[in-house]
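A.B. asks: only the shape, not the letters, is given here:
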């Protein structure tokens, strides 16, 4: 099983960072422009049972991705799990840790690439490198929006 973690400190209170993640357009804001993903729908906010549906577009190949939120603790954590998509499994936890007027935002992902241990061995490094690029972008956007709102 592959694991990934990305952490950054946002110069804004946890309530502001949390509210930013509740925005209806959050998926569009946090999807990097180079990512071949199209947001189809988002329902239910961050609560347990909420869903997000994407379409990964690779030329003529479209791969649907459906995620459902399975954990929710306001201002602390929400988790989404892949219900349908390209991975054998995918669990993404969003942790919010209040540090006074700052927030430590941590994204952790546990995933299984289809094809067993050989696929993990051959592709795990590539998946982690793509995730690092994506979450660097996501955290930069989060900082931009949340740190401006506190001024």
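C.D. replies: Now that the structure is in, tell me what you want to look at. Computed from a predicted model, the values in this text were never measured in an experiment. Residues are numbered from 1 along each chain as shown.
A.B. asks: OK, contacts around residue 62?
C.D. replies: Shown in contact with residue 62 (CB atoms under 8 Å, 6 or more residues apart in numbering): 55-56. The way it works is simple: take the backbone N, C-alpha and C, and place the C-beta from them, glycine included.
A.B. asks: how far does whichever strand or helix holds residue 29 sit from its chain's centre?
C.D. replies: Assigned by DSSP states H and E, residue 29 belongs to helix 26-30. With CA atoms, centre = their mean, to the nearest Å as the basis, helix 26-30 stands 10 Å off its chain's centre.
A.B. asks: also stretch 117-137?
C.D. replies: Remark: stretch 117-137 is offset 14 Å from the chain centroid, using CA atoms, centre = their mean.
A.B. asks: on that earlier part again, ok, then the element right after the helix holding residue 29?
C.D. replies: Moving toward the C-terminus from helix 26-30, the next element (DSSP H and E) is strand 37-43.
A.B. asks: that following strand - contacts with which helices or strands?
C.D. replies: Other elements packing on strand 37-43 under the criterion 3 or more CB pairs under 8 Å, 6 or more residues apart in numbering; DSSP states H and E are helix 26-30, strand 51-58.
A.B. asks: again, only this time at 10 Å
C.D. replies: With contacts taken as 3 or more CB pairs under 10 Å, 6 or more residues apart in numbering; DSSP states H and E, strand 37-43 sits against helix 26-30, strand 51-58, strand 61-73.
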